Every structure is written in C-alpha cells, then in structure tokens.
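Trainee: can you look at this prediction? I've put the sequence above it.
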Amino acid sequence: MIMKETNTILSAIITASEKLEGSKLEDSVLKEIEGELTRIADYIEADEMSAIFFTIIFVLQNQRQSTVSMHDIAEFLDYSFLYILEYRKKIDELEKKNLIHMREQRNVSPHPENNGYQISGTVMNNVIDNEPIIFVEDEEKTTESILHELTFIQSNYLEHVMNYNEYTRQLATAERKNADFEVVKTINNLFPDDLDTRSILYYLSLCTILDTNLFEEEGRESGKFPVFLRLISPQKKYARRGALYDDSDILIKKNLLERFYEETDEYRRRRAVMKINFKLSTNGIKKIFGNEAKLYIKKDLEKTETDKTIDALRDFSYEYENDSEGKYTKLYNLRRTEKKYKTLTFFKTLQNIITKDEHRFIVYDITKDYLSGEKSDLPATLNDIYGHTPVYFSELRSLLDDKHVLVEKGLIEVEKSENIENSRVTITDKILELLYGENADIYIRSVTGRNIIENEKIKVKELFYSDTVQKQIDMLRESLEQKKLEAMQERLAKKGLPKGVAVLLYGAPGTGKTETVYQLAKQTNHKIFHVDIAESKSMWFGESEKKIKKIFTDYKLLCKKCKSHNENTPILLFNEADALISKRKDIDSGSCAQTENAIQNILLEEMEKLEGIMIATTNLCENMDKAFERRFLFKVKYERPSLQARENIWRTKMNNLGAEDITKLAKEFDFSGGEIDNIVRKCEMNEIIKGTQPGYEEIVELCKTERLENAEERRMGFCG
C-alpha cells in the first residue's frame, strides 16, 4: 500500500480542490479547508480567495492539459459565471505576481472570459517538487512597454479580432490605465478629443523606438494606405489620406510627421515604383518623447541640404509618375510641390535657369531616376507630363534634334537609338554640380580611368631631337612646370590675354610627338586626359558636337578636381588631331561637312576659353585651318631624325651592336624613331623564338621589310 504525503503543498491543493469542486464557494466548505487554503495562500504570498483560484487553475490545467477560462472555473465550482466575474480582481492579482498568465487565442478578443489562463511550467514544477516559488517582480513600465501594450490592441484590430468600436473602447481603456505615464499624457494633451490621431501617434512612436514599420508583414500591408491609416475610423481614412498627401493634415501642420519614400517590389518601365510613407519628424520625436527624445533622434535625421533636395526629388517623382491623376491635377500638384521646396538652392537655381514649369518638372524626374541608378526612357518621360498630345511630339522632335532648351542649356543629354522607344535621357554634369556642389567630382561619370594616364605609370624614355626642336621642347618643359605655369597664367590674365597653353606638335609619323607629351607629363608631374578622336564621332547628326563639348566639360571638371587635391593641372591630349584642325569644308558639300565645321567651331571657341594645357599632335599641318594656327601658343615641327639622331636612337635601343654597324644602319635607312622601335620589337621577338640575338645581316633584312614603299620590288602572291 502506497502512503500519500500529507504535508506537501501539492497535497494541500489536492485536498482543497476535492472539496471545492461543485461547492458554489459555500462558507461551510471554505471553513472545512481553511488550513489548506491558508497553507496555499502563504505559499503563493496571496490571500485565501486568490489561493482558491490558483488551486482550481492548477487542477484543471493538469486534468485537461489546456488553458483554463473563467467559464471553466465557474463550471468547476458549479457557480454562476456572473458571480465569478466579481472575483476577477483576485485572478488579476495572480497574474500581477506572474503566477499565471493569459494565453490569447487567435481571432478571439483578449478578455479573460474569452481566453484561458495557465500556470507557467516553472511554477508548476515548484508545486510538484514542494519547492518555494521564486517571485519575480514585474519590470517597471517603460515608454516602450506602454506603447507595446497599446499597439498590441491595434494589432488585434488589424487581425480582425474585434470591430472598430471595440477597438476604440479597448484603446481608450488602456490609455486610462496608463494615463500617468509621460508618453500617454503628452499625446493626450496634444489631441485630447481625437482618438484616431492619438492612435496614429502611438503606432508611429513605437515604430520610431523599434526603427521599423510595424504590421507590414505579408497579408497585412495595404497598397492603398500606410498601415496607420487602417487604425482609424474606416469612414475617415480616405479623407485623412488626402489630407496627409496634400500636407493639410493636422499632424503635418504641427510638424509632428514627415513623409518619406520607399521603393516597392513593383517595377514600371524598368524603375521601382515608389511608395509614400510617414514617420515622426524630429520635432515630433522631441514633443512626444521629451527627455527621452535624444535616444531616438538619429544624427542622419538632421539632414543636409543635399539630403533634403534628394527627398524633395522623390516627392516630385511620385507626383510626376502618378497615373491616377489627370494632366491638370498633376501639374497643379507639381507646382504646389515645387513651391514647398522653393528655398532649396537646387530648385531656386533651376527656376532661374528654366522658365517653363513642365521643363523643370522633366529635369526633376530625370534627376530622380539618375539617383536611382537609372537612365530615363525619353518617350515615357514626356508621356508622363504631356500624354500623346501635339506638344508631346513637338518636345520629342526638338529633343531628338538637340534643339530643346534643356539640351541647349547643357542640363540633359539624349542617347538616341534607331528605335525611338529605346532612346534614353539623363542629366549632365551641370545638374550633378548643382546637386552635390563641391562634392560633384565624386559623381562625375564621364572622366573615367581609361581616359586618364597617370604620370607615375609613364615609363621614362630617352628621346633625341634636332637642336632646334630640343630648344623648343626645353622651353615647353619649363613652361609646364606648375609654379611657372601658374605665374605665367596670372600675368597673361592681368594683361587680358588667354590663360591657356595650347601646343601643336606636328610633323612626319613616328617622330616622337606623342611620346614627347608622355615624357613632358612625366617630367613635370602632370596627368594626361587622353582624347580618342574616333570615339567623338557619331552617326547621329549633332551627337559628335555634343561629345566634343563634353570633352571640354570633363576636362574642366578634372582641372577643378586636381586643384582641390593640390595636384598639377592635367594635360588635355588630342592625339592625331588631323581631322579636327584641317581646313573647313564648303557647306554645300553635305551634312557631314556641316557637322565637321560645327565641331571645329566648338573646338576654336573652347581653345579661346582654355585655362589649362592642351596639346594636339598631327601629321598633316599643311592642311591646317588658319584659325587654329593663331590659337596654338607653341608650334613645334618634327623633322625626320638627322643622321646623328638616328645613330643615337640605334645606340640606345640596340646596345649589342658595334659602333660601325650602328653608323651603317643609320646611313642606309632613313628611319623615324617609331620605325626603329618596330625593328627593335622584331629583334626581341626573334630572340624569344630562336633563342639568340639577331646579327647585323638579319637586322638589315628586317629593316628592308619595314616600309611598304618598296613593295613593287618584292611582289608575291597572285601578281603576274
């Protein structure tokens, strides 16, 4: 026979529960188990009535393996549920002591009569093992915990656990319960008669603390409304949304809220669709959180003018691409938005430069696309503002012909395609300078690494010139030394003369013109901005002119960047510039001639305004236009190397040859330095292939095949 222990707390609970079941809490029964109830009460540090409910919950939870509702308790006692409600505060005391907790059921309003209580596993084990309960005091309420309590009610409402009336009733009850806490008191003082607005502020306050948007997980987010608008009266949310979007809402007027833009997962015309959302402004955080505000105000909320401008451009773009509005409503909203940001330098400056509203709005939208890493579709950008009206086609035509005011002012550039629908438009460096100011050089994309030759990457080479050329090169080298260059430019400027140094190196091919530029840059510590003439030509009428203009724009930006980094003025190198500086053609020769003449006019104009260093090399100076001749400050003619120069070049390049062989090669072959370089390279290849250096006779044979002019003497193949 197994003896029951009678002195444990568990035995007290069993004995008490056996008597309590069906007792209707009659006094006689309570008197009978008074000793057990006292022991249980002392154990849980509560009064005897609380001990009764702890006992019942303990027994029913273990019997049913489920939570215990107040209906379950009434049934156990065979007592009216309404009478049990009178003792609810006793159950609340157990909850406050963390002996029990309410476990809410999904889609059920969070009331004790609807949900069940349960004793935690730790307390349950303490009772079974007859061990004292470790009581953990409730944490002191904080701003965050109070807001969690309020937003928990909001979450249940969004989950359709209750209707709007029950939601407002529960929210107001929770407010009353926490009325003495600063955050609730402050929000109530701001809007004492407006529960909807208070509800919005509770939600956004917790979002601020947690630094996230609550309740936006799958299934909860509505595309039409920010989440917090679903927490207010269903009859008011449309009007409230309109007021928020046109800045007439009380929360915007009081500067408690500010809008921001988020990219969604939706794409339209290869661009992410933007969504408006709202958050507490810096002023709102300070008002609501008081002394705690510094915990939630991020440094990046104190925005720079550039930050504000970028936010404003997103604002414009949202309105610009809004398909739900008619043209006149859209224009009205865009003008209103522009007025809102009129104090920002970016918008103030563009309003002075561009007189027509629609043109400014186009620039704003294209700039926003650039900030998103995109180039704008030209037809779609125009369609957003004009629709397919006659104005749309007129604007499209002028943009494609480069006659549009925005193109002429150098604010946007069009990238044309054979299929007009694939044509793109983007901002120029002028807009980047306006947007980023002194930091624009970081964002300028056109001056790329492949255009720049850093002087430290140039290999030192010894060049040989005639005495006349050597003197000119020496003078040029001294002129390019940065201190002397700056002194010279300062003096020229005082006398009203052009400050730029333009140099023409001309003469036979292979005589060292390009290498001279490299060695000058190396010796005077200048980087080179190398221009590929072929890249500046385009099949599109007007494109080549734009590219030439852009070369000089990029060069000016590079000069500015070098100056800001205390670097020497870069050299702008036009290598093999024959086509650019040749005599202008008769305009009756066709559109190509007109384009070439237009390019030359741009080049002449830019050379007149040049403030840096420009060096051009050409083989055909006889055909040079006279207008260019006077614009080049230095003009150095390269003759074919003299006998002595050729000997020096051979000696430097082929030091394995004897003096007699070098003299014979120099006399027999009237080569330029470039041609001698070719022979040297062939010798190097020969040595790699055969493993031995070529002798004099082999070198002579290589020299004989260097020029094509003797081809008639060495016919081969299919010639008869």
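Mentor: The structure has been received and is ready for your questions. Numbering: from 1, shown residues only.

Trainee: tell me who's in contact with the closest residue to Leu214 other than its chain neighbours.
Mentor: Computed as CB to CB, 6 or more residues apart in numbering, the closest residue to Leu214 that is not its neighbour in sequence is Cys207, at 5.7 Å. C-beta here means a position set from N, CA and C on the backbone, and glycine is covered the same way. Contact partners of Cys207, counting by CB atoms under 8 Å, 6 or more residues apart in numbering, are Asn213, Leu214, Lys279, Leu280.

Trainee: which member of those residues is positioned nearest Gly500?
Mentor: Comparing the contacts of Cys207 against Gly500 with CB to CB places Lys279 closest, at 52.0 Å.

Trainee: can you map out the strands along the stretch 351-500 of the chain?
Mentor: For the stretch 351-500 of the chain, applying DSSP state E, counting those that start in this stretch gives strands covering 376-377, 412-415, 424-427, 452-453.

Trainee: which stretches of the stretch 1-150 of the chain aren't confidently modelled?
Mentor: 1-6, 104-115, 137-139 (pLDDT under 70).

Trainee: now the strands for it?
Mentor: 100-103, 116-119.

Trainee: can I get the ones you listed in CSV including mean neighbour count and distance to Val184?
Mentor: Putting the strands of the stretch 1-150 of the chain into CSV (neighbours: other CB atoms under 10 Å; distance: least, CB to CB, whole Å) gives the following:
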stretch, mean neighbour count, distance to Val184
strand 100-103, 17, 22
strand 116-119, 22, 27
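
Trainee: who wins for proximity to Phe632 among the ones you listed?
Mentor: The closest of these to Phe632 is strand 100-103. By CB to CB, the value is 89.8 Å.

Trainee: kindly export that closest one (C-alpha atoms) in CSV.
Mentor: C-alpha atoms of strand 100-103 as CSV (Å, rounded to 0.1, in the frame of the first residue of the first chain):
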residue,chain,number,x,y,z
ILE,A,100,-0.5,32.7,-14.0
HIS,A,101,-0.7,34.4,-17.4
MET,A,102,-3.4,34.8,-20.0
ARG,A,103,-2.9,32.9,-23.2
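
Trainee: partner strands of it, parallel or antiparallel?
Mentor: Strand 100-103 has the following sheet partners, assigned by DSSP bridges: strand 116-119 (antiparallel).

Trainee: what residues does the partner strand touch?
Mentor: For strand 116-119, the surrounding residues in contact (CB under 8 Å, 6+ apart) are 54, 57-58, 61, 66-69, 72, 91, 94-95, 99-103, 105.

Trainee: just the buried subset of those, written out for ChimeraX, thanks.
Mentor: Burial among the contacts of strand 116-119 is assessed by 16 or more other CB atoms under 10 Å; the matching ChimeraX selection reads:
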select :54,57,58,61,67,68,69,72,91,94,99,100,102
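
Trainee: isn't Val636 right next to Met475, touching?
Mentor: No: with contact defined as CB atoms under 8 Å, Val636 does not count as touching Met475 (9.6 Å).

Trainee: more neighbours, these two?
Mentor: Val636 (22 against 12; other CB atoms under 10 Å).

Trainee: in the regular element (helix or strand) spanning that one, what's buried?
Mentor: For Val636, the host element (DSSP states H and E) is strand 634-638. Across strand 634-638, burial judged by 16+ other CB under 10 Å covers Val636, Tyr638.

Trainee: offset the numbering so it begins at 204, please.
Mentor: That works, and once the first residue is 204, the last one we named lands at strand 837-841.

Trainee: quick one: average confidence on the very next helix or strand once past that strand?
Mentor: Downstream of strand 837-841, the first helix or strand assigned by DSSP H and E is helix 846-856. Averaged across helix 846-856, the pLDDT comes to 87.

Trainee: which helices and strands does helix 846-856 pack with?
Mentor: For helix 846-856, the elements it packs on are helix 862-871, helix 876-893, judged by 3 or more CB pairs under 8 Å, 6 or more residues apart in numbering; DSSP states H and E.

Trainee: show me what counts as buried in the helix or strand encompassing the residue nearest to Leu417.
Mentor: Using DSSP H and E, Cys410 sits within helix 398-413. Residues 398-412 are the ones in helix 398-413 that count as buried (16+ other CB under 10 Å).

Trainee: out of the residues you listed, who's nearest Gln685?
Mentor: Distances from Gln685 to the buried residues of helix 398-413, taken by CB to CB, are shortest for Thr411, at 53.7 Å.

Trainee: that closest one against Ile488, yeah?
Mentor: Yes: counting by CB under 8 Å, Thr411 touches Ile488, with 6.1 Å between them.

Trainee: mutual contacts of those two, please.
Mentor: Shared contacts of Thr411 and Ile488, defined by CB under 8 Å, 6+ apart, comprise Tyr499.
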